[in-house]
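[1] Sequence and predicted model, in that order:
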Amino acid sequence: MSKNKKRILILPGDGIGPEVSVVAKKLLVLLDQKYSLDLEVSEGLLGGIAYDQTGDPLPKETLDKAKENEAILLGAVGGPKWDQISSEKRPEKGLLGMRSEFDFFANLRPAILSKELVSASTLKEEKVADLDLLIVRELTGGIYFGEPRGKVKGSEEVLNTMRYSKDEITRIGRVAFEAARKRSGKLCSVDKANVLEVSSFWRNTISDLSHEYPEVELSHMLVDNAAMQLVREPKQFDVIVTENLFGDILSDIAAMLTGSIGMLPSASLNDTNKGLYEPVHGSAPDIAGKDLANPLASILSVAMMMRYTFEEEKVALAIEQAVESVLALGQRTQDIAGKKDEVIGTIEMGQLVLKEIESN
Ligand code: IPM
Ligand code: MG
């Protein structure tokens, strides 16, 4: 294994994951050739498919492989097939295990509305045109991971625990302040400080941190109000920072503002910029295997990978521009198609984006 190679592990996972990952893999091969990136791409098992083949949604072999790679590209995990198995073995556990094993605490979820897709949003054009916001979600703490959890022995009670340490809040806060500083200089921290002690602590910690970022204008918002404001006046936000569960919910709302969750990429980074990249959409078992899935979220996740882990901004921009160009030509998968649009499949959409990159 050469030291300077950029190593990428693809974990296609379940549902539409394998289909969109095939497109991403072809994209990586093309980028490698065109930009001499010296990529080394391999594949592994995660999620339901890993459980089926090994009895474990996050097999040791996958963890070992992931340690050897700077970037991991995930398709999607989960599906009704595995709904009945114990919570420890669920496909989602594989994903959560990856996040915590590598300390991917900083989850960046941009919600950008392509100008070609304004009509795909369920909101009025003037509310969403030019929408470009970033949700910074804390990903390895909070109620997702807090202990104690589970059934209380000898009782009919079940527990989950929301907890945060000052360090955990500070490090995600820094990521958000840095992002806000590079963007419009506006940061909104979302919590439930009127009810939860954890949230008051979150709010105080973020406020203290703000003294180090005088150029960033910080505001705080309660999560229920933030959910409402996101659909009422989404463009009031630029960067939002919030804890794990609130971020899970708010990022789905933000995604829908852009018309389709099928468009949105995400990056989950640790403090060495190693990253797990994944589409925000899930495994969509209802359309799996039918060549209906939108591969653009996966393609755009590769762009984020180029930007954050490999610091290849030029390559990232080339991918993003190619996606815009293909959309400008009127090409649509079913999730972003208007009534009059002709619909193309996963494979064709992938080919069009690749062709666009190739010819530029
Ligand atoms: C997400 C997903 C995951 C989460 C699931 C699949 C565990 O909804 O990435 O937003 O809740 O974090
Ligand atoms: Mg989610």
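    Thanks, I have it. Residues are numbered from 1 along each chain as shown. Ligands and ions are numbered 1, 2, ... in the order given.
[2] Give me the contacts around stretch 312-324.
    The contact list for stretch 312-324, computed with CB atoms under 8 Å, 6 or more residues apart in numbering, reads 27, 31, 35, 37, 114, 116, 296, 299-300, 302-304, 306-307, 353-354, 356-357, 360. Where you see a C-beta, it was placed from the backbone N, CA and C, and this is true even at glycine.
[3] one more time with 10 Å, if that's ok
    The contact list for stretch 312-324 (CB atoms under 10 Å, 6 or more residues apart in numbering) reads 6, 27, 31, 34-35, 37, 112, 114-116, 263, 265, 295-296, 299-308, 310, 349, 352-360.
[4] just for the chain, where's the confidence low?
    Residue ranges of the chain with pLDDT under 70: 1-3.
[5] one more time with 90
    1-4, 87, 115-116, 118-122, 255-256, 258-262, 281, 338-341, 360 (pLDDT under 90).
[6] For ligand 1, what is the nearest residue in it?
    E92 (3.9 Å; CB to the nearest ligand atom).
[7] R109 belongs to a helix?
    No: R109 is assigned strand when assessed by DSSP: H, G, I helix; E, B strand; the rest coil, not a helix.
[8] Which of the contacts of stretch 312-324 fall within helices?
    27, 31, 34-35, 296, 299-308, 349, 352-358 (DSSP state H).
[9] Tell me the buried residues within the residues you listed.
    With burial judged by 16 or more other CB atoms under 10 Å, the buried subset of the ones in helices among the contacts of stretch 312-324 is 27, 31, 296, 299-308, 349, 352-354, 356-357.
[10] among those, which are within reach of ligand 1?
    Among these, no residue sits close to ligand 1 (CB under 6 Å from any ligand atom).
[11] Tell me the buried residues in stretch 230-239?
    Those would be 230, 234, 237-239, for stretch 230-239 by 16+ other CB under 10 Å.
[12] what about that stretch, how long is it end to end?
    12 Å (CA to CA, to the nearest Å).
[13] Give me the most central residue, this structure.
    Nearest to the geometric centre of the chain sits S266, at 2.5 Å (CA atoms, centre = their mean).
[14] what is it paired to in the beta sheet?
    E278 (DSSP bridges).
[15] ok, it touching A76?
    No: under the criterion of CB atoms under 10 Å, S266 makes no contact with A76, lying 11.7 Å away.
[16] Are there residues contacting both of the two? Which ones?
    Listed as contacting both S266 and A76 by CB under 10 Å, 6+ apart are 278-281, 297.
[17] who wins for most neighbours among those?
    Greatest neighbour count in the shared contacts of S266 and A76, by other CB atoms under 10 Å, goes to P279: 30 neighbours.
[18] At the contact with ligand 1, which residues of the stretch 51-200 of the chain appear?
    Checking the stretch 51-200 of the chain against ligand 1 by CB under 6 Å from any ligand atom, the hits are 78, 92, 95-96.
[19] Right, I'll call it a day here.
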